[in-house]
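**Q** When you get a sec, could you give me coordinates for this:
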Amino acid sequence: MTNLKGALPMPAPGFQGITEQNLENWFTYHKPTEAQNEQYLAIREAALVFARTIVANTPVSADQSSAIRHVRLATMEANQSIACGGH
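**A** Below is the predicted model of the structure:
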C-alpha cells in the first residue's frame, strides 16, 4: 500500500507498530516445554521430507537452492511462532 503521494509504504491495516514487549519476546530465549519439543520435531520432520522431495525432483539450480532456503526459512519461522506463542 502507498500513501496518496505514492512515496512511502503505508502500514498494513490494523498494524499497531513494534512494541517493547514484542522486542523482548522475540529476542529472549524461550526454554521449550515437552509439548513444544514434539511440535518442533513434527515441523522439522515434515520440512525434511519436503526438502528431500524438492532435491529429488528438481534440477540442481539457483531455483532449487532458493526452494530449499525457503523451506529452511519456513521451518525457522514456524519454530519461532511456537517459541513466542504466536506473537
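
**Q** ok, Glu45 to Gln39 distance?
**A** Distance, Glu45 to Gln39, using Cβ to Cβ, to the nearest Å: 11 Å. The C-beta positions use only the backbone N, C-alpha and C, and glycine is treated the same way.

**Q** typo on my end, Phe15
**A** For Phe15, the distance to Gln39 - Cβ to Cβ - is 27 Å.

**Q** Among those two, which residue is more densely surrounded?
**A** Remark: of Phe15 and Gln39, Gln39 carries more neighbours, 16 against 8, as counted by other Cβ atoms under 10 Å.

**Q** Now stretch 66-77 - C-alpha only, CSV.
**A** C-alpha atoms of stretch 66-77 as CSV (Å, rounded to 0.1, in the frame of the first residue of the first chain):
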residue,chain,number,x,y,z
SER,A,66,16.1,-20.9,-3.3
ALA,A,67,13.3,-23.5,-2.7
ILE,A,68,15.4,-25.2,0.0
ARG,A,69,16.3,-21.8,1.5
HIS,A,70,12.5,-21.1,1.7
VAL,A,71,11.8,-24.4,3.4
ARG,A,72,14.5,-23.6,5.9
LEU,A,73,13.1,-20.2,6.5
ALA,A,74,9.6,-21.5,6.9
THR,A,75,10.8,-24.1,9.4
MET,A,76,12.6,-21.4,11.4
GLU,A,77,9.6,-19.1,11.4
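
**Q** residues of that stretch that come out buried?
**A** Judged by neighbour count using 16 or more other Cβ atoms under 10 Å, the buried positions of stretch 66-77 are 67-68, 71, 75.

**Q** give me the number of residues near Arg44?
**A** For Arg44, using other Cβ under 10 Å, the count is 13.

**Q** Show the contacting residues for it.
**A** Residues near Arg44 by Cβ atoms under 8 Å, 6 or more residues apart in numbering: Thr75.
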